[in-house]
Structures are given as C-alpha cells and as structure tokens.
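1. No letters, just coordinates:
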C-alpha cells in the first residue's frame, strides 16, 4: 500500500511540475500575437562582469555541445552536470564579446571536465548545453525566428521568447519537446527560409537531393550567421553606462594592466527581435551576412545554372518549367540528322580491307547532310530528280540538281586522287 501511495504521489508531482512547465514556457492562444511572437532576448554581461576585453580581430564562432543530462525523464527538472560546470558555461557565454579572449579571462575557473579548452586558446568557442535527444539550447535563435503556423504544422510547441546566449539549462523543456525535435526543427526552418532563397516555387517541388534544399535544412550552416545578426544588434544597443562604487577604478586598472586591449563596460541586453515583422527583418540580415561571408547567392546561382532532372520532384513548378524550357532550347541548337544506310554503305574502320567500301567511306566524309541524303536515294535506286525532291521535302528539283552538280565535282576530285 505504501508503495502504491508513493508511486501515486510521484505521478501527481510530475503532473504538477508539467503544469508549471506548460504555464511558464508555453504560449496559450490568448497570448499568441504576430506582434509578440516569435521573440528573442538577451541578458547583459554586466550582471557578471564589470568590464570585458575586446579582441583586435573577431574570429568566427565555433560551437561545442556539452552533455548536460542523459535519459532525462519527462517532467523531472534536473541536470546531471555539476552546478559549477553550468555556472561556468553561463559565465563563459555571457562574455561573448570577448571572443577568443575568454580563455584568458576565465582560465582560473575552468572546471576539470572542461580542461580540454586549454588546447584551443585562440578559438572563439561557445559552450552549449546538450541533452540526450535535442539541441534546443544551440538552435534556439533559429527556432525563435519561425512563425507560429509553421511550428504548429510541424508539431513543435509554441514556446515563449528565447534566450541568447545559452546560459543555465536544467532540462526544464525536455518534457515539452518531441524526441525528434532536431529533425522537426530542420524541416520547419527549411520551409520558413525557402521563399527567401527561391521565389515562385515551393520547397515540395524539389527532390530531397536538391543542393539548395539540403542547404535550407542545414541548421549548423545558418547558426553562425544568425549569431552575427544577434551580436550586431546587441552592439547597436550600446554599453552599460551605470557604475557602482569602485568600478571606474577597476576598469582603469584593467586598462593600465593591458594597454594593448580595448576594455569597456559590457553591452546592454534587451529584446533582440519581437514579432513576426522584426523576425523577418532579422532573417533578411542573416541571409545578407551569409551572402557577404559565405557567398550564398553565388552558390545558389551556380546551382540554378547547373540543374539536373534529379533536383526536381514530380510536382510542377515554375523552376521546373524554366529548366525544361532551357533544356529543350539547348537541344534545338543541335540538329541531328539520321541517314539510313542499310547494307549499301557499311560503317568502316581503319582495319577495313575492301577497297570499294573504303571509297564510299572516304566519299561520304566529303559530303554534307543534304548531299548524303541525295546519294542514299540514288544508291537505293531512286534516280528521278522529281522523286528525290519529293522524298527529301523540296518544292521542286532545283535544289537537288544543284546538289548533284556539287556531288559530281567532289566525286571527280576523289577519283582523281585514287
């Protein structure tokens, strides 16, 4: 009986926790608005740091996923990673503007399970918590670009505003996310970004092997680009300008100790984007950055110029119609003429020893397509000019007469050389 009661108590506790999760992290229909969803916010590094150094050269970000929990049971809010490690990850990511200098800033605080960071002192690394079945903390900026109707179509939950950079994560969203979260997000994001890559043709009109479609699904390709958008927007917020007692002195000492570094108060936090229109503008900036640094448009144009039939699905699209039109137009530039030779003029090779056939092979090499067809007619027994003209589709026998005169001259010159 006690065992049954204890089990029932745990079940009720899970139900209560799940209710709290849905109430705290999920949007309900009354809260859903194109003016407020999707959204992404950021905390300022000033909550932890008085000042931060800035590197002379901004390096591209690199992402390392840190295993935070394994086999987290739905509804249970816990994390198997030590709290010291989680706090270090939060501090590390809040110093995002320091880039590769974060190692020197926090080297005394690196926990033993993350000592491998010492091997990558000159890398701009983000530490992202990862759970056993999803990468929400890493892909959060991309997730919170997507409007509600696309998320719902892909059976993804409507979460409230996202947070950047990744901070503490206790697995609280595990029970709200599907097991195949990463795959569903990839599909939803590709559907969302597709009209910005190719206009006029739906993504369903292309096969799964289409290179642009694969690029649209590749969340890891887009992640550094949206991070750049976020950083640029936060820099536009300006720096925290309030000072507590002694902070000005601390900053002066830090600058005197490191005269070659630019050291300032951290950037402000705030709303990076909010609502459908602002998310769309952030998406446009992300694509522009991908184009300026990764030559996105050049890649897309190159793919479009070298399309193959396997790139398309069975569905009709303007892109498929344009491809077929161009393909047939190219084919029409090359007129293929078939001349039926039967057994009268066999194809000969270098090993041929029959003198007569070698003559016809050499003779045919001298003729154009029109002349070859006339000779074939003659060899088949059709000798009247009017009949040959009718077979070849001429209105009268004048073209045939002129061609025969040229054929006689070519034959005479060939015989004279034999």
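-> Cool, got the structure. Everything numeric here is computed off the predicted structure, so don't read it as measured data.

2. okay, now residue 63: neighbour count?
-> When neighbours are defined as other C-beta atoms under 10 Å, residue 63 has 17 of them. From N, CA and C alone the C-beta is placed, and that goes for glycine too.

3. Check whether it sits in a helix, strand or coil.
-> Taking DSSP: H, G, I helix; E, B strand; the rest coil as the rule, one finds residue 63 in the strand state.

4. In contact with residue 214, which residues?
-> Remark: with contacts taken as C-beta atoms under 8 Å, 6 or more residues apart in numbering, residue 214 is in contact with residue 208.

5. In terms of helices and strands, where is it?
-> Element membership of residue 214 [criterion: DSSP states H and E] is helix 211-217.

6. pLDDT of that helix, averaged?
-> Mean pLDDT, helix 211-217: 85.

7. Not counting its neighbours along the chain, what's nearest residue 211?
-> In space, residue 211 comes closest to residue 303 once its chain neighbours are excluded; the distance is 4.9 Å by C-beta to C-beta, 6 or more residues apart in numbering.

8. Return the distance of that neighbour relative to residue 161.
-> Note on residue 303: its distance to residue 161, by C-beta to C-beta, to the nearest Å, is 35 Å.

9. Looking at these two, which has the bigger crowd around it?
-> Taking other C-beta under 10 Å, residue 303 and residue 161 do not tie; residue 161 has more neighbours (18 against 15).

10. what's that one in contact with, if anything?
-> By C-beta under 8 Å, 6+ apart, residue 161 lies in contact with 38-41, 144, 274.

11. and with 7 Å instead?
-> Neighbour list for residue 161: 39-41, 144 [criterion: C-beta atoms under 7 Å, 6 or more residues apart in numbering].

12. Grab the two from those that are most spread out in space.
-> Within the contacts of residue 161, two members stand farthest from each other by C-beta to C-beta: 41 and 144, at 9.3 Å.

13. Looking at these two, which has the bigger crowd around it?
-> For residue 41 versus residue 144, neighbours defined as other C-beta under 10 Å are more numerous around residue 144 (25 against 16).

14. on that earlier part again, was I right about the residue nearest to residue 211 contacting residue 210?
-> No. Contact status for residue 303 versus residue 210: not in contact, 8.1 Å apart, counting by C-beta atoms under 7 Å.

15. How is this protein divided into domains?
-> The domain map for the chain lists 2-194+201-323, 355-417, with the assignment taken from automatic domain parsing.

16. what's the most buried one of those?
-> Among the domains of the chain, domain 2-194+201-323 has the highest mean neighbour count (mean count of other C-beta atoms under 10 Å), at a mean of 16.

17. mind checking how far residue 221 is from residue 206?
-> Between residue 221 and residue 206 the distance is 17 Å, computed by C-beta to C-beta.

18. do the same with residue 249
-> Following C-beta to C-beta, the distance that separates residue 249 from residue 206 is 61 Å.

19. Low-confidence ranges, the stretch 301-418 of the chain, go.
-> Where the stretch 301-418 of the chain drops to pLDDT under 70, the residues are 305-367, 369, 372-373, 376-385, 392-395, 412, 414-418.

20. Quick one: classify residue 260 as helix, strand or coil.
-> Taking three-state DSSP, the label given to residue 260 is coil.

21. Okay, strands next: where are they in this structure?
-> Listed from the start of the chain, the chain has strands (DSSP state E) covering 39-42, 52-54, 61-69, 124-131, 162-164, 262-264, 270-274.
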